[in-house]
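Peer 1: Got a sequence here, can you build the structure:
(one chain, ligands or ions: 1)
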Amino acid sequence: MILGFLLARAGVEVVVLEKHADFLRDFRGDTIHPSTLELLYELGLLDRFLQRHHQELPQVGVVIDDISVTVADFRHLPVHCKFIALMPQWDFLNFISESAQVYPQFKLHMETEVTDLIIESDRVAGVRAKTPGGIREFRAALTIGADGRHSTVRKQAGFEVIDLGAPIDVLWMRISRQPSDPHQTLGRFRAGKLLVTLDRDDYWQCAYIIPKGGFPAIQQNGLPAFRAGIETVAPFLRGRTAELRDWSDIKLLSVAVDRVRHWSRAGLLCIGDSAHAMSPVGGVGINLAIQDAVAAANILAQPLLRHAPIDAELHRVQERRTFPTRITQGFQVFAHKRFIRPALATKAPIKRLPFLLALFKRFPILRRLPARMIGLGFRPEHIHTPNTNSGR
Ligand SMILES: Cc1cc2nc3c(=O)[nH]c(=O)nc-3n(C[C@H](O)[C@H](O)[C@H](O)COP(=O)(O)OP(=O)(O)OC[C@H]3O[C@@H](n4cnc5c(N)ncnc54)[C@H](O)[C@@H]3O)c2cc1C
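Peer 2: A predicted model of the protein is given here:
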């Protein structure tokens with residue numbers, strides 16, 4: 001959506017295809033990072049964005065047993081918004097698509113599911129998609145795969161996937177929120193249980209981390225045991241877990257960390273999770289996907305506008321974004337191994353804080369480092385594409 005917006009704003013004809021009828025998908029994260037807010041500032045959209053309902057997190061932390069530790073402090077970042085904004089991603093996507101639709105070059109087709117690539121003389125010439133009116137072909141000088149971690153486009157392109165492995169899955173559910181509940185969005189650890197709670201005003205969006213493939217065993221233990229587990233790790237939810245009436249209230253989201261060896265072939269480029277699926281750890285996948293989009297627009301807008309041959313330019317996007325992708329995935333894999341897997345295996349109360357967390361507690365200045373990694377990421381991108389038409 002962001003790449004479509006930037007290209008249309010620069011004057012390139014764009015068609016965005018979305019398989020669902022709306023953006024109301026439950027599995028999306030809610031985090032809009034300081035780097036993304038800075039891009040909105042550069043685009044002149046920040047004020048309008050901040051008028052939409054959101055929450056601002058200047059710091060984030062975790063609670064281990066009953067000890068809370070702030071692990072990232074965004075208040076010192078060299079950007080306009082020194083916080084993470086929390087906004088359900090469907091609201092963010094609606095905001096971007098509304099902003100894009102003032103440009104006549106931008107077209108959005110909902111309920112249009114890409115099923116195949118059109119390949120002619122070994123070059124991708126567009127896609128075939130299932131629409132409410134039947135199968136339709138969309139031909140294009142360039143096709144972008146931005147269809148997430150189960151990408152159809154990358155499969156159809158035959159891209160080789162390097163699987164980095166993820167030892168966790170996530171159970172995703174809603175539990176109502178009360179005014180007396182704690183405010184902040186926090187990761188909570190206790191007795192081998194790990195829960196992330198996202199404040200969505202009248203309810204908590206809960207992400208309960210489990211070992212990969214562990215859901216059938218949890219189901220076998222029964223719903224009362226599962227509810228009790230949640231109440232152990234988040235005692236303020238006591239009594240309300242009964243809102244989880246049956247297993248259909250709890251969605252299993254499988255976590256993957258992988259990347260394709262080559263992000264492009266003639267006529268086609270993959271970006272975001274389609275090129276490199278991210279774990280929820282650190283809440284950075286949305287940021288990375290958006291940064292890919294900005295880099296792709298910066299590199300490709302001019303040749304697309306000139307109708308120049310594009311294939312020789314595509315590898316430059318991967319070249320630019322490989323470093324931030326590899327290093328971010330490296331941290332995620334490290335966090336899986338060093339923190340999350342041991343945390344899931346530790347049933348007894350902790351005797352003392354893990355070394356790194358103890359450092360964050362003792363020396364607040366150190367919290368600026370994770371704030372930079374999470375809030376800005378590595379190699380933050382800036383808008384270099386023009387606003388060439390009368391849209392606004
Ligand atoms: C449980 C979980 C929680 C997460 N929480 C966070 C978080 O809080 N913060 C964060 O930064 N990251 C989070 N992540 C990672 C983040 O969700 C991804 O890295 C990010 O969404 C990638 O963005 P994307 O645009 O590449 O793909 P997606 O957000 O997956 O978007 C892909 C889009 O393509 C559409 N689509 C798919 N297939 C087709 C098709 N065939 N035809 C047409 N359209 C199609 C989908 O409907 C979707 O709209 C989380 C991941 C998981 C698994």
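Peer 1: For the stretch 201-350 of the chain, just list every one of the helices.
Peer 2: Using DSSP state H, counting those that start in this stretch, the helices of the stretch 201-350 of the chain run over 215-221, 223-233, 285-305, 311-335, 341-345.
Peer 1: now the stretch 51-200 of the chain
Peer 2: Using DSSP H, counting those that start in this stretch, helices in the stretch 51-200 of the chain cover 89-100, 152-157.
Peer 1: among those, which is nearest residue 117?
Peer 2: Of all the helices of the stretch 51-200 of the chain, it is helix 152-157 that lies closest to residue 117, at 4.6 Å by Cβ to Cβ. Where C-beta positions appear, they are placed from N, C-alpha and C, glycine not excepted.
Peer 1: Which elements pack onto the closest one?
Peer 2: strand 113-120, strand 143-145, strand 268-270 (3 or more Cβ pairs under 8 Å, 6 or more residues apart in numbering; DSSP states H and E).
Peer 1: What about the residue of the stretch 101-250 of the chain found nearest the ligand, how many residues nearby?
Peer 2: Closest residue of the stretch 101-250 of the chain to the ligand, Cβ to the nearest ligand atom: residue 148 (2.6 Å). Other residues near residue 148 come to 19 when the count uses other Cβ atoms under 10 Å.
Peer 1: if we can go back for a sec, could I get the helices of the stretch 51-200 of the chain as JSON lines with mean neighbour count and mean pLDDT?
Peer 2: Converted to JSON lines, the helices of the stretch 51-200 of the chain look like this (neighbours: other Cβ atoms under 10 Å; pLDDT from 0 to 100):
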{"stretch": "helix 89-100", "mean neighbour count": "18", "mean pLDDT": "94"}
{"stretch": "helix 152-157", "mean neighbour count": "20", "mean pLDDT": "98"}
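Peer 1: can you list those helices in a markdown table and add distance to residue 191?
Peer 2: Below are the helices of the stretch 51-200 of the chain laid out as a markdown table (distance: least, Cβ to Cβ, whole Å):
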| stretch | distance to residue 191 |
| --- | --- |
| helix 89-100 | 31 |
| helix 152-157 | 39 |
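Peer 1: And those: which comes nearest residue 6?
Peer 2: Residue 6 sits nearest to helix 89-100 of all those, at 8.8 Å, using Cβ to Cβ.
Peer 1: dump the residue contacts of the residue of the chain most remote from its centre.
Peer 2: Going by Cα atoms, centre = their mean, the residue of the chain most distant from its centre is residue 121, 34.9 Å out. By Cβ atoms under 8 Å, 6 or more residues apart in numbering, residue 121 lies in contact with nothing.
Peer 1: Torsion angles phi and psi at it?
Peer 2: phi 50, psi 50 (degrees, to the nearest 10).
Peer 1: Quick check: the single nearest residue of the stretch 1-150 of the chain relative to the ligand vs residue 283, distance?
Peer 2: Residue nearest to the ligand within the stretch 1-150 of the chain (Cβ to the nearest ligand atom): residue 29, separated by 2.1 Å. Going from residue 29 to residue 283 by Cβ to Cβ, to the nearest Å gives 6 Å.
Peer 1: likewise residue 220?
Peer 2: Taken as Cβ to Cβ, the span from residue 220 to residue 283 is 31 Å.
Peer 1: Alongside the ligand, which residues does the stretch 251-392 of the chain contribute?
Peer 2: 253, 255, 272-274, 278, 280, 283-287, 289 (Cβ under 6 Å from any ligand atom).
Peer 1: number of nearby residues for the closest residue to residue 241 other than its chain neighbours?
Peer 2: Among residues not flanking residue 241 along the chain, residue 227 sits closest, at 3.8 Å (Cβ to Cβ, 6 or more residues apart in numbering). Other residues within reach of residue 227, judged by other Cβ under 10 Å, total 19.
Peer 1: Now do the contacts for residue 227.
Peer 2: 241, 242, 244.
Peer 1: Give me the below-cutoff pLDDT ranges for this structure.
Peer 2: Applying pLDDT under 70 to the chain picks out residues 26-27, 184-185, 389-392.
Peer 1: 80 instead, please
Peer 2: 25-29, 183-186, 350-351, 389-392 (pLDDT under 80).
Peer 1: For the spatially most central residue of it, list the residues it contacts.
Peer 2: Geometric centre of the chain, nearest residue: residue 286, 2.9 Å, by Cα atoms, centre = their mean. By Cβ under 8 Å, 6+ apart, residue 286 lies in contact with 28, 29, 31, 32, 33, 36, 89.
Peer 1: Weed out the non-buried ones from the residues you listed.
Peer 2: Neighbour-count burial (16 or more other Cβ atoms under 10 Å) applied to these gives 28, 29, 31, 32, 33, 36, 89.
Peer 1: got the contact list for residue 246?
Peer 2: So residue 246 contacts residue 223 (Cβ under 8 Å, 6+ apart).
Peer 1: Near the residue nearest to the residue of the stretch 101-250 of the chain closest to the ligand when sequence neighbours are not counted, how many other residues are there?
Peer 2: Excluding the flanking residues, the one nearest residue 148 by Cβ to Cβ, 6+ apart is residue 273, at 4.7 Å. Using other Cβ under 10 Å, residue 273 is surrounded by 24 other residues.
Peer 1: Wait, residue 273 touches residue 285, no?
Peer 2: Yes: Residue 273 is within contact range of residue 285, at 6.4 Å (criterion: Cβ atoms under 8 Å).
Peer 1: and stretch 77-96, does that touch the ligand?
Peer 2: No: Stretch 77-96 stays clear of the ligand (Cβ under 6 Å from any ligand atom), getting no nearer than 7.1 Å.
Peer 1: measure that stretch end to end?
Peer 2: End-to-end distance for stretch 77-96: 24 Å, by Cα to Cα, to the nearest Å.
Peer 1: From the chain's centroid, how far away is that stretch?
Peer 2: 12 Å (Cα atoms, centre = their mean, to the nearest Å).
Peer 1: next one: stretch 321-336
Peer 2: Relative to the centre of its chain, stretch 321-336 is centred 14 Å away, using Cα atoms, centre = their mean.
Peer 1: cool, stretch 75-95 as well?
Peer 2: Worked out by Cα atoms, centre = their mean, stretch 75-95 lies 13 Å from the chain centre.
Peer 1: Next: stretch 154-168.
Peer 2: On Cα atoms, centre = their mean, the centre of stretch 154-168 falls 17 Å from the chain's centre.
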